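# Fold the following for me, if possible:
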Amino acid sequence: MLRPVMEGLCRYESTIDGTLSLADIALLNDAIDIRDENAYRAQKAAENG
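A predicted model of the protein is given here:
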């Protein structure tokens, strides 16, 4: 739940005051996962290139 906050994608207050729903938090977590996976794949491709 706090991962998007720690990544700087939203403010903590938004997670507790209803500004962001659990669906919003899930979407942000998915985006973080995709970003991290893409960075990992790019690094591996650069190492093997």
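# which secondary structure element contains the residue nearest to the spatial centre of the chain?
Note on the chain: the residue nearest the mean C-alpha position is residue 32, at 2.4 Å, using C-alpha atoms, centre = their mean. Using DSSP states H and E, residue 32 falls within helix 22-48.
# Counting by contacts, list what that helix packs against.
For helix 22-48, the contact count by 3 or more C-beta pairs under 8 Å, 6 or more residues apart in numbering; DSSP states H and E identifies helix 3-6 as packing neighbours. Every residue, glycine included, has its C-beta placed from N, CA and C.
# Could you point out the helix or strand that follows the helix it packs on?
Following helix 3-6 in sequence, per DSSP H and E, is helix 12-16.
# Alpha carbons of that next one, in CSV - could you do that?
The C-alpha coordinates for helix 12-16 follow below in CSV (Å, rounded to 0.1, in the frame of the first residue of the first chain):
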residue,chain,number,x,y,z
TYR,A,12,0.6,9.4,1.9
GLU,A,13,-2.4,11.6,2.7
SER,A,14,-4.0,10.6,-0.6
THR,A,15,-4.0,7.0,0.4
ILE,A,16,-5.8,7.6,3.7
